[in-house]
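Test case, fold it:
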Amino acid sequence: MLPSVLDLAAAQALKTALSERFLCRTQVVLNGRNVERVGTPVLQVLLAASRLVASGGGSFRLLQPSHALRSALCDLGLSGELARWETQ
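The predicted structure is shown next:
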């Protein structure tokens, strides 16, 4: 479960958590329903993680993205990524 605030301070913690816990797996699943605020650095971390997992033949899923998370991704032109993350 992603935290409610994903700001600059959360970006490094998220990167570390993904690296330590998930990126060695072939399937990464995150739940975004509680996200209320999100900044661009966190979206960059999510995008990089999804590409790293995909390069290893795995899948990266984002379940129940909140309105704030969905809007932030779309504002940056990442609606295609969001669609892939929701359907993998």
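
how about low-confidence regions in this structure?
Within the chain, the stretches with pLDDT under 70 are 23.

any idea where the strands of it begin and end?
For the chain, the strands defined by DSSP state E occupy 5-6, 27-31, 37-38, 59-63.

Just put those strands in CSV and tack on mean neighbour count and distance to residue 46.
Any C-beta I mention is one placed from the backbone N, CA and C, and that applies to glycine too. Below are these laid out as CSV (neighbours: other Cβ atoms under 10 Å; distance: least, Cβ to Cβ, whole Å):
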stretch, mean neighbour count, distance to residue 46
strand 5-6, 20, 9
strand 27-31, 16, 8
strand 37-38, 20, 9
strand 59-63, 18, 8
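
These: which one's closest to residue 17?
strand 27-31 (10.1 Å; Cβ to Cβ).

Now do the closest one: everything it contacts.
With Cβ atoms under 8 Å, 6 or more residues apart in numbering as the test, strand 27-31 has contacts from 1-2, 18, 22, 46, 49-50, 53, 58-64.

thinking again about what came up before, is it possible to export the strands of the chain to CSV including distance to residue 81?
Output for the strands of the chain, formatted as CSV (distance: least, Cβ to Cβ, whole Å):
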stretch, distance to residue 81
strand 5-6, 16
strand 27-31, 13
strand 37-38, 14
strand 59-63, 9
